[in-house]
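S.K.: pasting the structure only:
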């Protein structure tokens, strides 16, 4: 009997997700996305922090439980929105701020505005009237509380319809599996697809950055990390429970990683995963998968003020002796082409994670966060630079690799 193929994806990817979606759609085995319960920046984080405010008062109102474990749905919301749009087409698109967006990405703090846009979701998903009425109550309860107490939050973002809708579905069906089944029954997610969280409770991402004066600052929570004007030192990332303890690694998750035919790490998920990747037993699994050509890292050119460019993370991962197959775009803009990692290595220097936007490479050129190495590929077992792929071909390269 042929062994069932299974693909594990660490994180829902955020930026650069499209290439991986094509892989999911064409993969003939089982696909599992593993998510860390730490994505509490942006609108998702606003919901999570509000639920904890005043000893869980809103959590009690919405979920009948002061400690109900609502998990983050930010990147996951974008991912599901893509599939909903694929199924319903223009029926779930609206014009918003001179752009056309998916309804699930609509943001507003107006109950009537959110409800008006939600009617498109009702039609697209052919929602039962009972579900609709429950969500309307959920939405109204949340907004009333949010508008009254949002000023008590350090960071708050306008309410995301999709994030709140998926928080509701998670509660309504009792699990992430129930949420996925809901969309699968509506033929909006692949039937060979599942999502699992590495923990059932929220965890805290912790990290340190260095400013232009080389002073270090510790940040606790992804809401603060997301708001940082400086990238976080990858060696400093830690993952903690709410009680500030080291989280236990789920043994079933480890077993599933070992059994995976292939593991994909989207670049947009990497920073969050560093605390787990550097745990010995996970490092060992990824190292073995990489050696066997079963670990793929899909890079992209999107980086923001709080992120390092791709090559810095690659350098960090390589210090753990993890050498994945790396795929990325061929066309790198000239201003992004110089890599400070590359230049530092030419000068015989060690990479300094304290670099910032005013950093200089070995040739005295100013370097920003968007610099990328020429894409490295191990597809031919030659661990050299130079094998490069155009962005539109990445999905085909991955698919081709998975079929080997």
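M.R.: Happy to help now that I have it. Small disclaimer: the values here were computed from a predicted structure and weren't measured. Numbering: from 1, shown residues only.

S.K.: Correct me if wrong, but residue 65 is in a strand.
M.R.: No - under DSSP: H, G, I helix; E, B strand; the rest coil, residue 65 falls outside any strand and is assigned coil.

S.K.: now it: how far from residue 48?
M.R.: Per Cβ to Cβ, to the nearest Å, residue 65 is found 14 Å from residue 48. Yep, even glycine has a C-beta here, placed from its N, CA and C like the rest.

S.K.: Repeat that for residue 258.
M.R.: For residue 258, the distance to residue 48 - Cβ to Cβ - is 31 Å.

S.K.: higher neighbour count, the two?
M.R.: The neighbour comparison of residue 258 against residue 48 (other Cβ atoms under 10 Å) goes to residue 48, with 25 against 13.

S.K.: does the more buried one really touch residue 202, like I thought?
M.R.: Yes - Residue 48 is within contact range of residue 202, at 6.6 Å (criterion: Cβ atoms under 8 Å).

S.K.: Look up how far residue 187 lies from residue 87.
M.R.: Taking Cβ to Cβ, one finds residue 87 at 7 Å from residue 187.

S.K.: Mind checking which of the two has more residues around it?
M.R.: residue 87 (16 against 10).

S.K.: and the more buried one, what element?
M.R.: Per DSSP states H and E, residue 87 falls inside helix 74-88.

S.K.: Pairing partners for whichever helix or strand comes after that helix, with directions?
M.R.: Where DSSP H and E defines the elements, the next helix or strand beyond helix 74-88 is strand 93-96. With DSSP bridges as the test, strand 93-96 is paired with strand 99-102 (antiparallel).

S.K.: for the lengthiest strand in the chain, packing partners?
M.R.: Among the segments of the chain that qualify as a strand by DSSP state E, the longest is strand 203-210. Counting contacts by 3 or more Cβ pairs under 8 Å, 6 or more residues apart in numbering; DSSP states H and E, strand 203-210 packs against strand 216-220, helix 222-226, strand 238-241.

S.K.: Please identify which of those is closest to residue 103.
M.R.: helix 222-226 (24.1 Å; Cβ to Cβ).

S.K.: Show me what the mean pLDDT comes to for that closest one.
M.R.: Averaging pLDDT along helix 222-226 gives 74.

S.K.: Verify the assumption that residue 321 is located in a helix.
M.R.: No - Residue 321: not assigned to a helix; according to three-state DSSP it is coil.

S.K.: what about the spatially closest residue to it that is not a sequence neighbour, how many residues close to it?
M.R.: The spatial neighbour of residue 321 that comes closest, neighbours along the chain excluded (Cβ to Cβ, 6 or more residues apart in numbering), is residue 287 at 5.6 Å. Residues lying near residue 287 (other Cβ under 10 Å) number 16.

S.K.: From residue 260, how far off is residue 287?
M.R.: Relative to residue 260, and taking Cβ to Cβ, residue 287 is found at 14 Å.

S.K.: Could you pull out the helices in the stretch 1-150 of the chain for me?
M.R.: Along the stretch 1-150 of the chain, counting by DSSP state H, counting those that start in this stretch, helices occupy 18-26, 42-63, 74-88, 111-125, 129-149.

S.K.: Next: the stretch 201-350 of the chain.
M.R.: 222-226, 251-259, 270-277, 280-291, 310-319, 340-346.

S.K.: Columns distance to residue 238 on top of those helices, output as JSON lines?
M.R.: Shown next, in JSON lines, are these (distance: least, Cβ to Cβ, whole Å):
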{"stretch": "helix 222-226", "distance to residue 238": "11"}
{"stretch": "helix 251-259", "distance to residue 238": "18"}
{"stretch": "helix 270-277", "distance to residue 238": "5"}
{"stretch": "helix 280-291", "distance to residue 238": "14"}
{"stretch": "helix 310-319", "distance to residue 238": "14"}
{"stretch": "helix 340-346", "distance to residue 238": "24"}
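
S.K.: Ok, which of those comes nearest residue 115?
M.R.: helix 222-226 (27.2 Å).

S.K.: Pull out the buried positions in that closest one.
M.R.: 222, 223, 224, 225, 226 (16 or more other Cβ atoms under 10 Å).

S.K.: Can you tell me how far residue 89 is from residue 102?
M.R.: Separation of residue 89 from residue 102 (Cβ to Cβ): 11 Å.

S.K.: Between the two, which is the more surrounded one?
M.R.: Remark: of residue 89 and residue 102, residue 102 carries more neighbours, 22 against 10, as counted by other Cβ under 10 Å.

S.K.: Identify the bridge partners of the more buried one.
M.R.: Counting by DSSP bridges, the residues bridging with residue 102 are residue 93.

S.K.: That one against residue 84, yeah?
M.R.: Yes - taking contacts as Cβ under 8 Å, residue 102 lies within contact range of residue 84: 7.1 Å.

S.K.: Counting neighbours, what do you get for the nearest residue to residue 286 once chain neighbours are set aside?
M.R.: The shortest distance from residue 286 to any non-neighbouring residue, by Cβ to Cβ, 6+ apart, is to residue 322 (5.1 Å). Look at residue 322: counted by other Cβ under 10 Å, it has 24 neighbours.

S.K.: still on that earlier bit, between the helices and strands packed on strand 203-210, which gets nearest to residue 164?
M.R.: Across the helices and strands packed on strand 203-210, closest to residue 164 is helix 222-226 (Cβ to Cβ), at 17.1 Å.
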